[in-house]
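Engineer: What would the 3D arrangement of this be:
(chains A and B)
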2 protein chains.
Amino acid sequence: MKLVVNQKNLKKAVGLVEKVVSKNTSLPILGNILLKTENGRLRLSATNLELGINTLIGVKIEEVGEIAIPARIFSDFINTVQDEKVTVVTKNNTLTISAEHYKTSILGFDSKDFPIIPKIKSEPVVSMPASMLKNALVKVLDSMAVSETRPELAGVFMQIKDKQGILVSTDIFRLSEVTIPVAASESVSIILPRNTVMELVRVCTDISGDVQIKYADNQVAFIVEDIELVSRVVDGTYPPYKNVIPDKFISRALIKRSELENNIRLAGLFTSSISDIKITCAEDKLTITARNSDKGEIETDVPAVIKNEPFELSLNYRYILDGLKNMPGNDVILEFTGAGSPLVMRPSDDKSFVYLIMPLRS
Amino acid sequence: MKLVVNQKNLKKAVGLVEKVVSKNTSLPILGNILLKTENGRLRLSATNLELGINTLIGVKIEEVGEIAIPARIFSDFINTVQDEKVTVVTKNNTLTISAEHYKTSILGFDSKDFPIIPKIKSEPVVSMPASMLKNALVKVLDSMAVSETRPELAGVFMQIKDKQGILVSTDIFRLSEVTIPVAASESVSIILPRNTVMELVRVCTDISGDVQIKYADNQVAFIVEDIELVSRVVDGTYPPYKNVIPDKFISRALIKRSELENNIRLAGLFTSSISDIKITCAEDKLTITARNSDKGEIETDVPAVIKNEPFELSLNYRYILDGLKNMPGNDVILEFTGAGSPLVMRPSDDKSFVYLIMPLRS
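Structural biologist: From the prediction side, this is the model:
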């Protein structure tokens, strides 16, 4: 392989793929980035076996070839180089990078040892603006389960059917559901692994074009501009989450989001491992109290428009903050659906997002 | 105590003093900030017994008083509050903070248990622009010793004499010396502890006025605007460092600082625990090489104007970067003073700063 490449383009591509590089030390080849000339361009690939990423950049190729190169030193080097154009040559599994005043040799590996990232040849199931997918995924990030005890919850359930896409996540303490309009050519119901969701958000950030989704043989691909993410989907069935979302409420409160958020934060300072915040909703205000026997206590009021009866409940304040963070608009709605039933949060003027907090057992 | 205070002013003052608050859990009172009304203003103080800080802010006092309040919860609270004015009241070692929509009680301690921060009553030894002191201290930060094995090296030696102030630090691997013009009323030679130097830099940042220095009984005070830092000085004698600074050189190289820095960074990527960078200086260039048996190798050239003979030496690249970072101007001078003798670095057009790197024993 011999080529000349613009340092900025190479830096951007390396920055993109290196996040997927595995720290798995039992398989050192996964710590590499595969460089391969392909149809007049340079492909950079990384994989951790669950998730793979490919990206293509324009280069001036003098000789085709391929090599696997340790991601860390390659990335550090390309990020430090200041020359606009660098010449890259491979010989005997060594990558030589040179510009006017320097010459570097980085020890690489045989590209044949690099795992194959699956190719999905089928037609796209759906195509949608990358920004729309990203905004929807961001809303369901927090309620993905962190633990792998129930792998089907450690990710996002994605259901595409006719003109509707639904993204859901739940860690059994809270649940987020976002609905987006799509035009799908076929139906798909898959669970995206946690790490894939995080990467997808990163890749779709600041992209103005569309993302195409392909699916076959338990592998899903997201293709956006010159980037392709290929991920295994989670084995298993997503729980029948729809049963958990209450279809009616007992009381409802309409509140300014920023005021609620600020006061929940203040009250959160006085919670402890044994005592959380208490919300009392009556007349024209929502009262938040918290007490910590070592630190002190707080009582704070937020004006609210209440419909139906007063209500009172204890909640993990962090769950409320997570939900509020993703609410668009100035006002939020809290729906009290009964003792032992979830608290429902929604934006006041947007039916596409709903966030549930399961009640604390006391 | 009862007073009304502007949240922004209180937040700024808390942010300033809380950095000095000790995490020493065997003396819980040190985790507090002392609040005390003083001549119509509110004084906030913190101390870790070695270093104390006082600051005064304007408040509307309705009733004088004092209390020690845990820094962490107080700071978290004041940083989260959004109201412009808050009312602060103490009663039975509890601090009550209230504004329109909330009321908080934070549990505090008796102010009598808070250690006394020494008062230095003598006249200032010297006064100088805070920015000048800060800029000089920043240049000697990196070469302070980190370990406390030799406490006199874990800080900055400050010598004020007639019209000259000298700041020196060395960890025996490198040495920094800065000279500043001052007008001192008396001579002082003290060693400032590491932590005091760091705080002093922080306090003097973005201050346009002067800092006054007072000294008595092994305590030094720095007074700037409404802030007073009071620190113990290090017991012990500073080593006769002047003997280490070579008074002549064998060869000298004049180099563009940014080019040298960038190439040292590149070469640094290929160093290892057993092998550092090698610098060879000959004809019209400085050649930097490094080799790591796992990663690869590099050779890079930097144009240089060389005086006298060629020279070659091995160095810790991080020490060069630390020195370069503090060199003003576009060009730097490297002086080779012989095998086993330090490498001297200076700005090309500023005699007030000199940086020495001791040679590696090979």
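
Engineer: Flag every residue of the stretch 201-350 of chain A that's near chain B.
Structural biologist: Residues of the stretch 201-350 of chain A that fall close to chain B, judged by Cβ under 8 Å from any Cβ of the partner chain: A:262-263, A:265-266, A:269-270, A:294-302. Every C-beta, even on glycine, is put in place using the N, C-alpha and C of the backbone.

Engineer: Buried subset of these as a ChimeraX selection?
Structural biologist: With 16 or more other Cβ atoms under 10 Å in any protein chain shown as the criterion, this ChimeraX line picks the buried residues out of those:
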select /A:262,263,265,266,269,270,295,296,297,298,299,300,301,302
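
Engineer: Show me the domain layout of chain A.
Structural biologist: The record's domain parsing of chain A by automatic domain parsing lists A:2-113, A:126-242, A:245-357.

Engineer: which ones among the residues of the stretch 201-350 of chain A next to chain B are found in helices?
Structural biologist: A:262-263, A:265-266 (DSSP state H).

Engineer: can you give me the helices for the stretch 101-250 of chain A?
Structural biologist: In the stretch 101-250 of chain A, the helices defined using DSSP state H, counting those that start in this stretch lie at A:130-141, A:194-204.

Engineer: Would you convert those into a markdown table that also reports mean pLDDT?
Structural biologist: Below are the helices of the stretch 101-250 of chain A laid out as a markdown table (pLDDT from 0 to 100):
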| stretch | mean pLDDT |
| --- | --- |
| helix A:130-141 | 97 |
| helix A:194-204 | 97 |
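
Engineer: B:Ile33 is nearest to which of those?
Structural biologist: Closest of the helices of the stretch 101-250 of chain A to B:Ile33 is helix A:130-141, at 36.6 Å (criterion: Cβ to Cβ).

Engineer: Up against chain B, what does the stretch 1-150 of chain A have?
Structural biologist: Counting by Cβ under 8 Å from any Cβ, the stretch 1-150 of chain A comes close to chain B at A:70, A:73, A:76-77, A:80-82, A:94-95, A:101-107.

Engineer: hmm, which of those are the buried ones?
Structural biologist: Neighbour-count burial (16+ other Cβ under 10 Å) applied to these gives A:70, A:73, A:76-77, A:80-81, A:95, A:101-102, A:104-107.

Engineer: Between which two of those is the distance greatest?
Structural biologist: The most widely separated members of these, counting by Cβ to Cβ, are A:Pro70 and A:His101 (23.6 Å).

Engineer: Start and end of stretch A:19-35, how far apart?
Structural biologist: 16 Å (Cα to Cα, to the nearest Å).

Engineer: tell me which residues in stretch A:30-42 are buried?
Structural biologist: Using 16+ other Cβ under 10 Å as the test for burial, stretch A:30-42 gives A:30-37, A:42.

Engineer: possible to save the ones in helices among the residues of the stretch 201-350 of chain A next to chain B as a markdown table with pLDDT?
Structural biologist: Formatted as a markdown table, those follow (pLDDT from 0 to 100):
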| residue | pLDDT |
| --- | --- |
| A:Asn262 | 95 |
| A:Asn263 | 95 |
| A:Arg265 | 96 |
| A:Leu266 | 96 |
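
Engineer: Can you tell me the strand partners of the lowest-mean-pLDDT helix or strand in chain A and which way each runs?
Structural biologist: The helix or strand of chain A with the lowest confidence, counting by mean pLDDT, DSSP states H and E, is strand A:311-315 at a mean of 91. If you go by DSSP bridges, strand A:311-315 pairs up with strand A:277-282 (antiparallel).

Engineer: Contacts for the partner strand, please.
Structural biologist: Here strand A:277-282 makes contact (Cβ atoms under 8 Å, 6 or more residues apart in numbering or on different chains) with A:251, A:253, A:264, A:267-268, A:271, A:286-290, A:304, A:306, A:310-315, A:317, A:334, A:336.

Engineer: Figure out how far that strand is from the centre of its chain.
Structural biologist: 32 Å (Cα atoms, centre = their mean, to the nearest Å).

Engineer: One more: stretch A:214-229?
Structural biologist: On Cα atoms, centre = their mean, the centre of stretch A:214-229 falls 15 Å from that of its chain.

Engineer: can you check stretch A:221-238 too?
Structural biologist: Centroid separation for stretch A:221-238 versus its chain: 12 Å, with Cα atoms, centre = their mean.

Engineer: what are the C-alpha coordinates of it, in CSV please?
Structural biologist: Taking C-alpha atoms only, stretch A:221-238 is exported to CSV below (Å, rounded to 0.1, in the frame of the first residue of the first chain):
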residue,chain,number,x,y,z
ALA,A,221,-26.5,-1.9,9.7
PHE,A,222,-26.8,1.8,9.9
ILE,A,223,-25.4,3.6,6.9
VAL,A,224,-24.9,7.4,7.0
GLU,A,225,-22.7,9.3,4.6
ASP,A,226,-19.4,7.3,4.3
ILE,A,227,-19.9,5.6,7.6
GLU,A,228,-21.4,2.1,8.2
LEU,A,229,-22.1,0.7,11.7
VAL,A,230,-22.8,-3.0,11.7
SER,A,231,-24.1,-4.5,14.9
ARG,A,232,-25.3,-7.8,16.3
VAL,A,233,-28.9,-7.5,17.7
VAL,A,234,-29.7,-8.8,21.2
ASP,A,235,-31.1,-12.3,21.3
GLY,A,236,-34.3,-12.5,23.2
THR,A,237,-37.8,-11.1,23.4
TYR,A,238,-38.6,-7.6,24.6
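
Engineer: A:Val86 and A:Ser98 touch, don't they?
Structural biologist: Yes - the pair A:Val86 / A:Ser98 is scored as a contact, 6.9 Å apart, by Cβ atoms under 8 Å.

Engineer: All good on my end, thank you.
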